[in-house]
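Participant: Predicted model and sequence below, questions to follow.
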Amino acid sequence: MDKIINDFTINIATANGTGSQSANLILLQSLFEMGVPVSGKNLFPSNISGLPTWYIVRLSDLGYQAPGDRTHIQILVNPATWDEDLAAAEPGTVIIWNSDTKKKTVEREDIISYPVPMSSLARKINPKIAKLVTNIVYVGVLAELLNIDQTCLESAVARQFKGKESAIELNITALGLGRDYFKENLTKTDPYTTESREVDHPQFFIEGNEAAALGAHYGGVQLLAWYPITPSSSMAESIIAYIPRLRSNDEGEATCAVIQAEDELAAAGMVLGAGWAGGRGMTATSGPGLSLMQEFIGLAYFAEVPSVFWDVTRVGPSTGLPTRTQQSDIAMLYEGSHGDTQHIVLIPGTVEECFEYGWRAFDYSERFQTPVFGMSDLDLGMNRWACEGFTYPDTPMDRGKVVREREAFEAFETFGRYLDVDGDGIPYRTLPGSGMAPILYRGTGHNPMGVYSEKPEDYFNLMARLKMKIDGARDVLPAPLLREEEECEVGIIFLGSMENSIQEIDDILEQTGMKVSQCRIRALPLHSEVENFIRRHETVIVLEINRDGQLYGILRRELPNDLVTKVYSVAYSDGMPPRARIYAELIHEKLKEVSQ
Amino acid sequence: MSDKPARAVKLNVLNEPKDSYTGGPSSLCPGCGHDQISSVIINAAWENGIQPHRIAKMSGIGCSSKTPAYYLGQSHGFNTVHGRMPSVTTGAYAINKDLLYLGVSGDGDSASIGIGQLIHAIRRNIDMVYIVENNGVYGLTKGQYSATADVGSKKKKGTVNETQPIDLCALAINLGCTFVARSFSGSKKQLGSLIKAAMSHKGFALIDVISPCVTFNNNDESMRSYGYVKENEITLHMADYIPHFNPVEEVDVPEGHFRDITLHDGSTIRLETISEQHDPSSPMAALSALHDAEVNAKHVTGLLYFDASKPSLAEDLGLVDTPLLDVPDELLRPSQASLDALNAEFLA
């Protein structure tokens, strides 16, 4: 039997709240420390304890990070999903199962079965926490089965428990029990194994939310106003966690305020208040929270108040699937609030970009005096991704056209808060408390001097200037990332966390002989390079993780008519992180349809 | 040119004339009580000798929330969204705690759509003056009841209000608000003293100002109309009516006393000021006074409750002494070395 090395998927079925997350992260981290390209997807329920959870570990020497087409090794620990998971296993799947599970067994001839009395083994260590230890036992079994390096395993345990000796010792003992049980009682009959790999550049694992939180600190965030919501909470919590280290003086006094608001409306209001006062305020939320913030978003756009909103998207509409991933809010972010609006949206696809846009968001927001959105998603935000390190901001903080000194103020012949002095649509502002050109900011119509006005020409000119202002951001914002084939046959436009599946999709499509180019959009409004990319390619697919093709809708409206006809939408969402084959097949079908 | 000699302009401690504290012309209904409150605010700020540009005028949406345009023209302001002024103020305060935040709101803003934000601003004890211009009615949308309208009121268009009103002062006292007062738009002296005291207070100061609507409470069945007051001669504290051609006379009621005020058409209203024996440090005494007034269909005015001992939000936030606005960019952005250290730790 030929070995299958570093190219398979493990699916671990457990129940929420049993400590399985720690065990799964130890598995992931130990493989990562061996240099095996690996990704982990946590499919968790909206629940604290008891509901089914799956953790998918994909090993891929090709660097594929999507969950993979099928499960090669299934761990069965959770009786609640046992039958379903077993039935879903394709022939040849390895099933490692807890043989102590009451009324559950594995009776299939077409699979490779490894029964392990995980609960009894765990009870040997400590009966009181047997349930917790059960999880680490299956990691030990996997370690033996897959030849996982013991040093890497122990190092992963140490990292997970951050130096807590008793926890480290207990877990290493449990791993050993799992290993020994397999060695002494079972015979390996499957082809799967791992091998260490040399890594060109050292890397570490980090979640997108933590990366964006660090980025916010390097952007000098001064107010975090937030309301807890999955999957964004860990971004806010990371910001809070780093304040003592990064933002406090020796007396422990901080330069970043944190207010847990009473709801998302208040969080948005606080962010606007901070921007109005001259500070850098931000919030982190998800779709339902962003829905509540719409009124303030319109005010920020219309009254031109810098404000930063991070949306870690999840499956909508409504409460939707709160712990599943989707590129759900592209349209809402770009056109948020009633009336004509248009917003700057930064769309990271990697943890490095989460960090970078974390600080850049403030610069853009103050430069353009407008709300700026960061759009991440549950997959990017809450799963761990490999990172080579974060790059320090290469430019000083851009505070925009703020007049702080009296001398500068007096150099203006006429000062109007909404007067377009430079012809770029971006006016100058003074700050409350300065005594310079005070106005009453308002969400009602106003003239260039900031005075209430319902005059048709004032409204028309104001809206035209706002449009010009945001248009001016197009080529300042992060340009799309292009990976082009010379042939320029099929171009795929995509965004965000699809970055982690696109190469596999591309490879699947190229196996059919077509040449595929990639264009990852990293910001809205669209950069001019996007149009050029479309112009160069014969057929363009806009690929998204949603039902309706929200990005496609934006492209259709903004592209010149002659280009619209060669752009097609492929949008699909079932709540799962994007599996490459599903999207590749949908693209393939669409292209067939087009060529007919 | 006038032949009269120029009169010396009165100046405050900052050598500023009162003109430095005025705003634009009002667009409210002629005779509206809200305009009287605006003039009291102007006076209070001038008399307190506050630099006008160090005040931040905050408001939500509604008749009351339009008024910041009519006072303190040298102050920046923010006419935000309906009921959400407290959160915007909270955010601004986190960035610049050194400004005097002067919020003006209405009963629609504060007792309905924004009651949650009011409650949480009180809970956080943010340093601000929060004036409710309370008329029991939605003026800008033409006369619907608000949540402070009395049971049994009948408005111009029809139905009788059967829903219990919310007493914002009682609510605030129960929440531990550190400064709670009630006044009346015509009681310039009392209201002026309360606003001046509130401006000096460290913490959240709520002043519920009865400021009846001249346009939409003017029918005989309304408990705030002339007709009602005339026929029933009940000492209704809220029974004020200000015809646009006859600005209300100034009302100065000594502590523990009431006074009947005769309006232009001969009707009377009675205002009662809380007794000087009232202990404003006792929440129970304050609640009891409010309860007694309610039972007797009266409204009691004055400083009801006061507590200077609670820390305000600025102390709770654990920030550097300098307002965050004035912290230089180099201190806001952590150093390159700090990021290098983080990267190294992650890689270790």
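Facilitator: In hand now; what should we look at? Numbering: from 1, shown residues only, chains lettered A, B, ... in the order given.
Participant: just for the chain, where's the confidence low?
Facilitator: Defaulting to chain A. Applying pLDDT under 70 to chain A flags no residue at all.
Participant: Can you look at chain B instead?
Facilitator: For chain B (pLDDT under 70), the answer is B:1-6, B:154-158, B:216-251, B:258-272.
Participant: which stretches of it form helices?
Facilitator: In chain B, the helices defined using DSSP state H lie at B:33-47, B:63-66, B:85-95, B:107-108, B:115-124, B:168-174, B:188-200, B:226-232, B:283-295, B:313-316, B:329-332, B:336-347.
Participant: wait, does the second one contact chain A?
Facilitator: No: applying C-beta under 8 Å from any C-beta of the partner chain, one finds that helix B:63-66 is not in contact with chain A, the shortest distance being 8.9 Å. (Each C-beta comes from the backbone N, C-alpha and C, glycine too.)
Participant: same for that helix, what does it pack against?
Facilitator: strand B:100-106, strand B:128-134 (3 or more C-beta pairs under 8 Å, 6 or more residues apart in numbering or on different chains; DSSP states H and E).
Participant: what is the orientation angle of the last one with helix B:115-124?
Facilitator: The reference is to strand B:128-134. Put simply, strand B:128-134 runs at 150 degrees to helix B:115-124, going by axes from the mean of the first three to the mean of the last three C-alpha atoms, to 10 degrees.
Participant: Tell me the helices and strands packed up against strand B:128-134.
Facilitator: helix B:33-47, helix B:63-66, helix B:85-95, strand B:100-106, helix B:107-108, helix B:115-124, helix B:188-200, strand B:204-210.
Participant: Give me the contact list for stretch A:422-431.
Facilitator: Contacts with stretch A:422-431, where a contact means C-beta atoms under 8 Å, 6 or more residues apart in numbering or on different chains, come from A:277-278, A:304, A:367-369, A:400-404, A:409, A:412, A:415-421, A:436-438, A:448, A:465-472, B:76, B:325.
Participant: just the buried members of the residues you listed?
Facilitator: Neighbour-count burial (16 or more other C-beta atoms under 10 Å in any protein chain shown) applied to the contacts of stretch A:422-431 gives A:277-278, A:304, A:367-369, A:400, A:403, A:409, A:415-420, A:436-438, A:448, A:465-466, A:469-470, A:472, B:76, B:325.
Participant: now, which of those lie within strands?
Facilitator: B:His76 (DSSP state E).
Participant: just the helices of chain B: most buried one?
Facilitator: Mean neighbour count (mean count of other C-beta atoms under 10 Å in any protein chain shown) peaks for helix B:85-95 among the helices of chain B, with a mean of 31.
Participant: does chain A sit close to it?
Facilitator: Yes: interface with chain A: helix B:85-95 contributes B:Pro86, B:Ser87, B:Val88, B:Thr89, B:Thr90, B:Gly91, B:Ala92, B:Tyr93, B:Ala94, B:Ile95 (C-beta under 8 Å from any C-beta).
Participant: Include distance to B:Asn12 when you put these into a markdown table, please.
Facilitator: Formatted as a markdown table, the residues of helix B:85-95 next to chain A follow (distance: C-beta to C-beta, whole Å):
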| residue | distance to B:Asn12 |
| --- | --- |
| B:Pro86 | 29 |
| B:Ser87 | 33 |
| B:Val88 | 29 |
| B:Thr89 | 25 |
| B:Thr90 | 30 |
| B:Gly91 | 31 |
| B:Ala92 | 26 |
| B:Tyr93 | 25 |
| B:Ala94 | 30 |
| B:Ile95 | 28 |
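Participant: of all the helices and strands packed on strand B:128-134, which lies closest to B:Phe179?
Facilitator: strand B:204-210 (3.6 Å; C-beta to C-beta).
Participant: In TSV, list the helices and strands packed on helix B:63-66 along with distance to B:Ala348.
Facilitator: Shown next, in TSV, are the helices and strands packed on helix B:63-66 (distance: least, C-beta to C-beta, whole Å):
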stretch	distance to B:Ala348
strand B:100-106	47
strand B:128-134	47
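Participant: now those strands in JSON lines, with distance to A:Ser376 and mean neighbour count?
Facilitator: Below are those laid out as JSON lines (distance: least, C-beta to C-beta, whole Å; neighbours: other C-beta atoms under 10 Å in any protein chain shown):
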{"stretch": "strand B:100-106", "distance to A:Ser376": "34", "mean neighbour count": "28"}
{"stretch": "strand B:128-134", "distance to A:Ser376": "35", "mean neighbour count": "28"}
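Participant: returning to that earlier point: narrow the contacts of stretch A:422-431 to those in helices?
Facilitator: A:Ala277, A:Arg367, A:Phe368, A:Phe409, A:Arg465, A:Leu466, A:Lys467, A:Met468, A:Lys469, A:Ile470, A:Asp471.
Participant: Any idea which residue is closest to the centre of the chain?
Facilitator: Just going to use chain A. In chain A, the C-alpha nearest the mean C-alpha coordinate belongs to A:Leu380, at 2.6 Å (C-alpha atoms, centre = their mean).
Participant: Not quite, go with chain B.
Facilitator: Centre-nearest of chain B using C-alpha atoms, centre = their mean is B:Ile131, 0.7 Å out.
Participant: Verify the stated contact: it with B:Ser105.
Facilitator: Yes: the criterion here is C-beta atoms under 8 Å, and B:Ile131 meets it with B:Ser105 at 7.0 Å.
Participant: Next up, phi/psi of A:Trp97, please.
Facilitator: phi -130, psi 150 (degrees, to the nearest 10).
Participant: next one: A:Ala23
Facilitator: phi -60, psi -40.
Participant: What of A:Asp311?
Facilitator: Main-chain torsions, A:Asp311, degrees, to the nearest 10: phi -110, psi 110.
Participant: Please name the bridge partners of the nearest residue to A:Val567 once chain neighbours are set aside.
Facilitator: Spatial nearest neighbour of A:Val567, chain neighbours left out: A:Val540 (4.7 Å); criterion: C-beta to C-beta, 6 or more residues apart in numbering or on different chains. Legend: beta-bridge partners of A:Val540 under DSSP bridges are A:Gly491, A:Val567.
Participant: do the same with A:Arg384
Facilitator: Assigned bridge partners for A:Arg384, using DSSP bridges, are A:Glu207.
Participant: That one reaches A:Leu28, doesn't it?
Facilitator: Yes: in this structure A:Arg384 lies within contact range of A:Leu28 using C-beta under 8 Å: 6.7 Å.
Participant: what's the neighbour count on A:Val451?
Facilitator: 17 (other C-beta atoms under 10 Å in any protein chain shown).
Participant: cool, and B:Ile55?
Facilitator: Count around B:Ile55 with other C-beta under 10 Å applied: 27.
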